[in-house]
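The following block contains a protein sequence and its predicted model.
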Amino acid sequence: MIPPGFIHDLLARVDIVDVVGRHVDLKKAGINHKGLCPFHGEKSPSFIVSPSRQTYHCFGCGVHGNAIGFLMEHTGAGFIEAVEDLAQQVGMVVPQDERSPEQRERAKAEKARQQSLTDVLARAADFYKAQLRKSERAVAYLKGRGLTGQIAARFGLGYAPEGWRALASGFPAYDDPQLVEAGLVITPDAEPGEDGRHAPGTGPHPADGRGAKRYDRFRDRVMFPIRSVQGEVIGFGGRVLDRGEPKYLNSPETPVFVKGRELYGLFEARQAMRQRGHALVVEGYMDVVALAQHGFGNAVATLGTACTAEHVHKLFRFTESVVFSFDGDAAGRRAAARALEAALPHATETRTVRFLFLPPEHDPDSYVRALGAEAFERCIDGAVPLSRQLIAVAGDGCDLGTPEGRARMLNQARPLWSLLPDGLLRRQLLGEIARQGQMPEAELQALWLGEPAGAAPPAEAPADRPRWQPRTAWKPKGEWQDWKRRGRDDGPRPAGPRTAPPTPTDHAVRLLLQHSALWETLADEDRGLLHDLPGTHGDLVHWLERHLTHHGASPWAVVQAGLAADGFADAVQRLVRPTQGLGIEEDDPAGDLARAIAALHSRAPTALPDGNGATDDERRRALEALARLRERHGVPPGRL
């Protein structure tokens, strides 16, 4: 806890005109200073900074505050960060009364370590930018994507040359351990290459004089620096110029870079978000840069991960409206469902969340280049509001024309609706969900909230009309009774209920739950197959997707506890009982999962279009897709 007296002394020593002037072009206007407001788009200045009051105020949008508040609002810094930044500028030391000397030393060492890593990453960004100017091939690639030199400079784009040790020419000591810690260089102790491939034409890994292999992580790729909200380079994304896998390669997580917290382009997009009134969330680095080239500077992208609640929380520090843009294919729909779950805890009646779905053949980059900015603007205007998206996700795969389908929709809607914070939006959506499920709102409210339904509960049998009871209990007599007794004494019966042997579906879902990290290794076709499983199996896969979005891969004990808390204990017990009862432990869970999924694919003959209405081209593409599935899963040709 920073003492209030220190905050008072700090604000008395800083000059708000200097603080704001580093971010806003101010001009003297009488006793005050005036400029264009950085928090909303305006053409005539209405943003006033008062040196006498040491405050700022905008007569256009109403924002106001002191120097600490300005840094928090404009740079996205937390309170402690803003105070420490100002204190450093005026030579004051922030008191840390509640921390022990050891804790203060550890915090100081950690901050110095992070600063050292960001310095290394900044130097690497300068190296990659210089290499881009030297590479005609990389420049031609960016020009072919419609990018200008100005937009490339704005985002600090660069190029990682071919060769195993190109960074050695940019750093005086290539064996500096910070190059490895920053994710720029790989050693045998680090994850080997991540991409699992050798750069073309470079031959085997080079070895230094001691025989240890050390080489650049990024080779022959266009480089996208990832910046923090404060503008520091904290990581990189690299895209191949030609064909190759993976198409995008990201920095690993480091002390300064956590993928689930950062958004590519946020530093560059802050002012455009305020001018346009919303943030636009897309899926790729190139989407962000291409949209900025066409006037949509408010776009940001997740870093190869699903959108998280922390991403949404960070965006709502800069805007009250977020538009998620996804491809219209099955993978895009699944990503939208995960983004919906991340956004729901932050959705209120004062915030807007919408979902934009492009045609399956387009992503934002290709769409805006092919059809223009105006067409993309119309797509944004027609984006689906959060309420409709929630109902669409809940109703996915449900036949609302039947009681069973409506009951399933209501069951799928409840965990989503429960994520909403208390407020008017939550109550409004309850009514919408009830209407879709053709159920009185009062009854649904009673079921979900435990509140009175407003109608009398089903009555018990009237006291004056007792239920019918037989006069005497029926007892078997004669030969039947003797036969029953003899049959009962013939021998012991099997204990417990008889159960059907596990199916490939059971094996696949159980393995994913018990080894949740395997989900990230699956191909899109496999995820789509599992996502569309009917009944309880599909529900468990949906639950696992939500869990991975919010918590990441977890030990089986954690997953099992979460499933039990959400009412899946019996379903899970039925899946794991066969292996637990026999004491089976998988030596190769990944291989077992691949074989189970291959068996599921082999039971899906409907993947091939029949002759009624299917064109030759459609049948050809389907046969090629099935051939790829056979090859990937090792299924004999006659089985698929």
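Cool, got the structure. Residues are numbered from 1 along each chain as shown.

What are the buried residues along the longest helix seen in the chain?
Counting residues, the longest helix in the chain under DSSP state H turns out to be helix 101-134. Of the residues in helix 101-134, those with enough neighbours to count as buried (16 or more other Cβ atoms under 10 Å) are 117-118, 120-125, 127-129, 131-132. Every residue, glycine included, has its C-beta placed from N, CA and C.

what does stretch 530-543 give?
Residues of stretch 530-543 classed as buried: 530-531, 533, 536-543 (neighbour count, 16+ other Cβ under 10 Å).

which ones among those are found in strands?
Using DSSP state E, no member of the buried residues of stretch 530-543 falls in strands.

tell me the two of those residues that are most distant?
Spanning the widest gap among these are 531 and 536, at 14.0 Å by Cβ to Cβ.

one step back: how about TSV for the buried residues of helix 101-134, with pLDDT and distance to residue 180 added?
Below are those laid out as TSV (pLDDT from 0 to 100; distance: Cβ to Cβ, whole Å):
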residue	pLDDT	distance to residue 180
117	94	11
118	93	16
120	95	10
121	96	13
122	96	17
123	96	15
124	96	13
125	96	17
127	96	16
128	97	18
129	96	22
131	96	21
132	95	24
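
Redo those as TSV? Include distance to residue 316.
Compiled in TSV, these are given as follows (distance: Cβ to Cβ, whole Å):
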residue	distance to residue 316
117	28
118	26
120	32
121	27
122	29
123	34
124	32
125	28
127	36
128	32
129	32
131	37
132	34
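
From those residues, pick the one nearest residue 154.
When these are compared for distance to residue 154 (Cβ to Cβ), residue 129 comes out closest, at 11.9 Å.

I figured the closest one was touching residue 160, is that so?
No. Taking Cβ atoms under 8 Å as the contact criterion, residue 129 and residue 160 are not neighbours in contact, 11.0 Å apart.

Residue 248: what's it in contact with?
With Cβ atoms under 8 Å, 6 or more residues apart in numbering as the criterion, the residues that contact residue 248 are 237-239, 284-285, 304.

Check which residues of stretch 85-100 are buried.
With burial defined by 16+ other Cβ under 10 Å, the residues of stretch 85-100 counted as buried are 85-87, 89, 92.

same thing with stretch 351-365?
By neighbour count, and taking 16+ other Cβ under 10 Å as the criterion, the buried residues in stretch 351-365 are 351-358, 362-365.

same thing with stretch 302-313?
Judged by neighbour count using 16+ other Cβ under 10 Å, the buried positions of stretch 302-313 are 302-303, 305-309, 311-312.

rewinding a little: which member of the buried residues of helix 101-134 is positioned nearest residue 72?
Comparing every one of the buried residues of helix 101-134 with residue 72 (Cβ to Cβ), the shortest separation belongs to residue 118, at 20.5 Å.

OK, contacts around that closest one?
By Cβ under 8 Å, 6+ apart, the residues touching residue 118 are 232-234, 256.

And those residues, which two are furthest apart?
With distances taken as Cβ to Cβ, the most widely separated pair in these is 233 and 256, at 9.0 Å.

tell me, what's touching the two both at once?
Counting by Cβ under 8 Å, 6+ apart, the contacts common to residue 233 and residue 256 are 118, 121.

which stretches of the stretch 251-400 of the chain form strands?
Counting by DSSP state E, counting those that start in this stretch, the segments of the stretch 251-400 of the chain that form strands are 279-282, 299-301, 321-326, 352-357, 384-385.

got these as a markdown table, with distance to residue 567 columns?
Converted to a markdown table, the strands of the stretch 251-400 of the chain look like this (distance: least, Cβ to Cβ, whole Å):
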| stretch | distance to residue 567 |
| --- | --- |
| strand 279-282 | 32 |
| strand 299-301 | 35 |
| strand 321-326 | 29 |
| strand 352-357 | 27 |
| strand 384-385 | 29 |
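
Next, format the ones you listed as CSV and append mean pLDDT and distance to residue 411.
Output for the strands of the stretch 251-400 of the chain, formatted as CSV (pLDDT from 0 to 100; distance: least, Cβ to Cβ, whole Å):
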stretch, mean pLDDT, distance to residue 411
strand 279-282, 95, 29
strand 299-301, 95, 33
strand 321-326, 93, 25
strand 352-357, 94, 22
strand 384-385, 94, 22
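
which stretch among those comes nearest residue 152?
With Cβ to Cβ as the measure, strand 299-301 is the member of those nearest residue 152 (15.9 Å).

Identify all contacting residues around that closest one.
The set of residues external to strand 299-301 that reach it, using Cβ under 8 Å, 6+ apart, is 263-266, 269, 279-285, 287-288, 291-292, 315, 364.

any idea how far that strand is from the chain center?
Per Cα atoms, centre = their mean, to the nearest Å, the displacement of strand 299-301 from the mean C-alpha position of its chain is 13 Å.

Stretch 167-180 too?
On Cα atoms, centre = their mean, the centre of stretch 167-180 falls 32 Å from the chain's centre.

Return it as PDB; C-alpha atoms alone will do.
In PDB, the C-alpha atoms belonging to stretch 167-180 read as follows (Å, rounded to 0.1, in the frame of the first residue of the first chain):
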ATOM      1  CA  LEU A 167      21.600 -12.900 -35.200                       C
ATOM      2  CA  ALA A 168      25.300 -13.400 -34.500                       C
ATOM      3  CA  SER A 169      26.000 -10.400 -36.700                       C
ATOM      4  CA  GLY A 170      23.500  -8.200 -34.700                       C
ATOM      5  CA  PHE A 171      24.800  -9.100 -31.200                       C
ATOM      6  CA  PRO A 172      28.400  -9.000 -29.900                       C
ATOM      7  CA  ALA A 173      28.000 -12.200 -28.000                       C
ATOM      8  CA  TYR A 174      25.900 -14.900 -29.700                       C
ATOM      9  CA  ASP A 175      26.300 -17.200 -26.600                       C
ATOM     10  CA  ASP A 176      24.600 -14.600 -24.400                       C
ATOM     11  CA  PRO A 177      22.100 -16.600 -22.300                       C
ATOM     12  CA  GLN A 178      19.600 -13.700 -22.600                       C
ATOM     13  CA  LEU A 179      19.200 -14.500 -26.300                       C
ATOM     14  CA  VAL A 180      17.800 -17.900 -25.200                       C
END
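
List the buried residues for that stretch?
For stretch 167-180, the buried set under the neighbour-count rule, 16+ other Cβ under 10 Å, comprises 167-168, 171, 174, 178-180.

give me the low-pLDDT residue ranges for this protein?
1, 96-99, 189-212, 451-501, 549-551, 557-558, 579-587, 603-640 (pLDDT under 70).
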